[in-house]
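>>> Quick one: sequence and predicted model below, then my questions.
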Amino acid sequence: MSSRRVTLADVARLAGLSPTSASMILNGRPNTRLSQEAHDRVFDAARTLGYRPNVAARGLRTEKTLTIGFISDVVATTRFASGLIKGALEAAEAARHVMLVLETGGDPAREAEAVAAVLDRQVDGIIFASMRARQFFVPDIPEGTGVVMLNATNDRHPACVLPDEYAGGRRAVELLVEHGHRTIALIGQSDEAEREVFRSETVSRRVAGIRDAMAEHGLAFVAEESIWLWEPDKGYQATRSLVSRRGDVSALLCMNDRLAFGAYQALTELGRAIPDDVSIVSFDNDEIAAYLRPGLTTVALPHEAMGRRAVELLLAGASGGETLIDMPVIRRSSIADRA
């Protein structure tokens, strides 16, 4: 049989203080006029007894349960965006909150069930997260419940955290230009008129950043390979086709690391050395980028930073507007200077 739950009264008794004084100390109430020695006695008593506050009772008093709901499509069950959860968990723990994670597979019916489940547990707010940045369906939420969209947008809930894809696109071009590259080819989706087929809402911003940076340097891509499915085999096929037509290409700008992985295989088969013959820069900082040889220089999706920021905004009561998170450059060894 389990032992009796330790109560606040037990802590106060051991510390030699009243329950009211012990409560003020444990809850961090300012200006209690209680001595540092009293604070130390209370915290020592709580540790000795293994005291854990009754969250349900506290919630009734404060209308706060210190609990966050995290509802996603496939963030938890794929490796591509798991950093969103990792960052959110770190921020929740730092703020002494518990995070309930529910996965829906993108099914609207399951999303409605997930919302009901977290509301039943009286969460203080909800984060809705998507593996790929997109408009995210959000069922009806009671007024007063905080909502932040993470790697997602929703017209009724404007507070959202997104990667700064426009700046990231510009940064990829700058990397090649600063190394002297001018005969650059683009591997991946390349027609801004096809925005509706982008599976990531923010990729169109990436393309805009790329094109603006190219234009500012007086450059145009010497070739563009438009690809719908950004997987290694497509990158392989596109690169073989491209190099057979344009042997003068000095650099490839790949729209994601999986396309770049395929480009590596094609160039190796064709006897073209990376980066001496052809340099490569890409996006996402997928796990494979670090394992390629030479290592792939890439503009990273800042998923962990995004997850942390979403929790911070939710707890701060953010009510609207985009928060863009910088996409850092991960420099490895896939870009060489071009004389």
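Now that the structure is in, tell me what you want to look at. Numbers count the residues shown, from 1 in each chain.

>>> Where does pLDDT dip in the stretch 1-150 of the chain?
In the predicted model, the stretch 1-150 of the chain carries pLDDT under 70 at residues 1-3, 28-31, 53-64.

>>> Show me the helices in it, by range?
Remark: helices assigned in the stretch 1-150 of the chain by DSSP state H, counting those that start in this stretch are 8-15, 19-26, 36-49, 55-62, 82-94, 108-120.

>>> And the strands in the protein?
For the chain, applying DSSP state E gives strands covering 67-72, 98-103, 125-135, 146-153, 160-163, 184-187, 223-225, 251-254, 279-284, 297-300, 322-325, 329-330.

>>> what's the angle from the first one to strand 125-135?
It refers to strand 67-72. Strand 67-72 runs at 20 degrees relative to strand 125-135, counting by axes from the mean of the first three to the mean of the last three C-alpha atoms, to 10 degrees.

>>> returning to that earlier point: mind putting the helices of the stretch 1-150 of the chain in TSV, mean neighbour count included?
In this view, the C-beta of every residue, glycine as well, is placed from N, C-alpha and C. Shown next, in TSV, are these (neighbours: other C-beta atoms under 10 Å):
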stretch	mean neighbour count
helix 8-15	19
helix 19-26	19
helix 36-49	15
helix 55-62	12
helix 82-94	20
helix 108-120	15
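
>>> Indicate which one of the ones you listed is closest to residue 251.
Nearest to residue 251 among the helices of the stretch 1-150 of the chain is helix 82-94; the distance by C-beta to C-beta comes to 27.9 Å.

>>> Which strands and helices lie in contact with that closest one?
Judged by 3 or more C-beta pairs under 8 Å, 6 or more residues apart in numbering; DSSP states H and E, helix 82-94 is in contact with strand 67-72, strand 98-103, strand 125-135, strand 146-153, helix 303-315.

>>> run the last query once more with 6 Å
If you count contacts as 3 or more C-beta pairs under 6 Å, 6 or more residues apart in numbering; DSSP states H and E, helix 82-94 packs onto helix 303-315.

>>> Look at residue 240 and say how many residues are nearby.
17 (other C-beta atoms under 10 Å).

>>> Tell me who's in contact with the spatially closest residue to it that is not a sequence neighbour.
The shortest distance from residue 240 to any non-neighbouring residue, by C-beta to C-beta, 6 or more residues apart in numbering, is to residue 266 (4.5 Å). Listed by C-beta atoms under 6 Å, 6 or more residues apart in numbering, the contact set of residue 266 reads 236, 239-240.

>>> Brilliant, that's me finished.
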